[in-house]
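Student: Show me how the following folds:
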Amino acid sequence: MNAPLDDPQVFIPDVIANHARFQPRREAVVCGDVRRTWGDFDANISRIAHALRGAGLARGDRVAVMMGNRVEMLEAVFGIVRAGGCAVPLSGLLTGPQLAGLLADSGSVGAFTTADFRAKLDTLPELPACLRRDLLVAADDGAAPRWRPLATFVERMPSTQPAVTYRMDDAFNIIYSSGTTGLPKGIVQTHRARQHWAWSNAIELGVRDTSRALTTTSLYSNGTWLTMLPALWCGGTLVAMPAFDPRRFLELVHDERITHTFMVPSQFIMVLAEPSLDGADTSTLQSILCAGSPLRPDTKRQVIERFGPKLTE
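Tutor: Numbers count the residues shown, from 1 in each chain. Here you go, the predicted model:
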């Protein structure tokens, strides 16, 4: 169903496609040794979307993404959304039974995984009944008897954007809470919510197409999207740490010319205690975001004194 002509909207899958069209050779995403240009990033997203649609994915169908921080995780998330589905990223801290519980709770019909998640699920006698066998995709090179390799899944799929229309109230993704007050709760985010999250935080943090944003927390975490979505919305470059290490954080800020970053309070404390901080060049930083829990006033003062840019809590 198309949107009314007097209610034009811009959707995140279309924004990503436009960045690929107008700046195909600029870097979109960096994680570890993998560096993806906007052209390649967008093409991989489209191949996943076409494969999902070819397998019969319907509007609003939920598909889980069970991976650690890696470029392929983002391609899977946005490929699901581009196909008209709803992405369900799950935490690597969960056990096999917990993962199965959230797969069933979300009603996920498919899943993209890596070996570490599959090892947990392989301990179960069977997978949740909502999962379709033809939509179980292994997004790495590990042996996966019950899972289709990603390369096979997207083989011969077009790299062009599929003809899918979206509505602002369509489900974009489900984020599960940490479960600190009981069982994890699924928070459904619509296209409208994610679009607002992208542009409002881009304005607040001063993110531009020349920005290079560093994420230090897990990509399944809602807090990480505070940095990830604005950077991709504006056509900047997202640098994702595979795992947080304070020394490596300082190296990446210098080597990747990072302008924006997000950390939780414990990470700020670790960076401030890092011996290599005294000789580190962090002059490219323009904005630092802290969220997740309150930042102690003394830590905040230290961060401002050391890094200098605007600090948003």
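Student: all helices for the stretch 101-250 of the chain, in order.
Tutor: Along the stretch 101-250 of the chain, the stretches classed as helices by DSSP state H, counting those that start in this stretch are 115-121, 150-153, 191-205, 225-234, 246-255.
Student: Next, format the ones you listed as JSON lines and append mean neighbour count and mean pLDDT.
Tutor: Just so you know, the C-beta spots here come from the backbone N, C-alpha and C atoms, and that holds for glycine as well. Output for those, formatted as JSON lines (neighbours: other CB atoms under 10 Å; pLDDT from 0 to 100):
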{"stretch": "helix 115-121", "mean neighbour count": "18", "mean pLDDT": "94"}
{"stretch": "helix 150-153", "mean neighbour count": "17", "mean pLDDT": "95"}
{"stretch": "helix 191-205", "mean neighbour count": "18", "mean pLDDT": "95"}
{"stretch": "helix 225-234", "mean neighbour count": "25", "mean pLDDT": "96"}
{"stretch": "helix 246-255", "mean neighbour count": "17", "mean pLDDT": "97"}
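Student: Please save the CA atoms from stretch 156-165 in CSV.
Tutor: Extracted C-alpha coordinates of stretch 156-165, given in CSV (Å, rounded to 0.1, in the frame of the first residue of the first chain):
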residue,chain,number,x,y,z
ARG,A,156,22.6,-14.6,-7.9
MET,A,157,20.4,-12.1,-6.1
PRO,A,158,20.2,-8.6,-7.6
SER,A,159,22.2,-5.8,-6.0
THR,A,160,19.5,-3.2,-6.8
GLN,A,161,16.9,-2.1,-4.3
PRO,A,162,13.7,-4.3,-4.3
ALA,A,163,10.3,-2.7,-5.1
VAL,A,164,9.1,-2.5,-1.5
THR,A,165,7.0,0.3,0.0
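Student: what does it rub up against?
Tutor: 1-3, 13-14, 17, 42-44, 46-51, 53-54, 82-84 (CB atoms under 8 Å, 6 or more residues apart in numbering).
Student: Now list the buried members of those.
Tutor: In those, burial by neighbour count holds for 13, 17, 42-44, 46-51, 53, 82-84, counting by 16 or more other CB atoms under 10 Å.
Student: residues contacting residue 104?
Tutor: 128, 129, 130.
Student: What about the residues you listed, which one has the most neighbours?
Tutor: residue 128 (19 neighbours; other CB atoms under 10 Å).
Student: Correct me if wrong: that one contacts residue 103.
Tutor: Yes - using CB atoms under 8 Å, residue 128 makes contact with residue 103 at a distance of 4.7 Å.
Student: And the contacts of the longest helix that the chain contains?
Tutor: If you go by DSSP state H, the chain has its longest helix at helix 38-54. Applying CB under 8 Å, 6+ apart, the contact partners of helix 38-54 are 13, 16-17, 19-20, 23-29, 36, 63, 71-72, 74-76, 78-80, 82-85, 110, 135, 153-154, 157-162, 164, 235.
Student: what's near enough to touch residue 259?
Tutor: Taking CB under 8 Å, 6+ apart, one finds 210, 211, 212, 213, 284, 285, 286, 287 in contact with residue 259.
Student: And residue 10, by the same measure?
Tutor: Contact analysis of residue 10 by CB under 8 Å, 6+ apart lists residue 195.
Student: And it, its phi and psi?
Tutor: phi -120, psi 130 (degrees, to the nearest 10).
Student: Could you shift the numbering so residue one becomes 883, and keep it that way?
Tutor: Noted, 883 is the first residue going forward, which turns the last one into residue 892.
Student: And it, how far from residue 1024?
Tutor: 38 Å (CB to CB, to the nearest Å).
Student: And the buried ones among the contacts of stretch 1038-1047, which two are furthest apart?
Tutor: By the measure CB to CB, 925 and 966 form the most distant pair in these, at 18.5 Å.
Student: For residue 1158, state which of the contacts of residue 1141 is nearest.
Tutor: Nearest member of the contacts of residue 1141 to residue 1158, counting by CB to CB, is residue 1167, at 15.8 Å.
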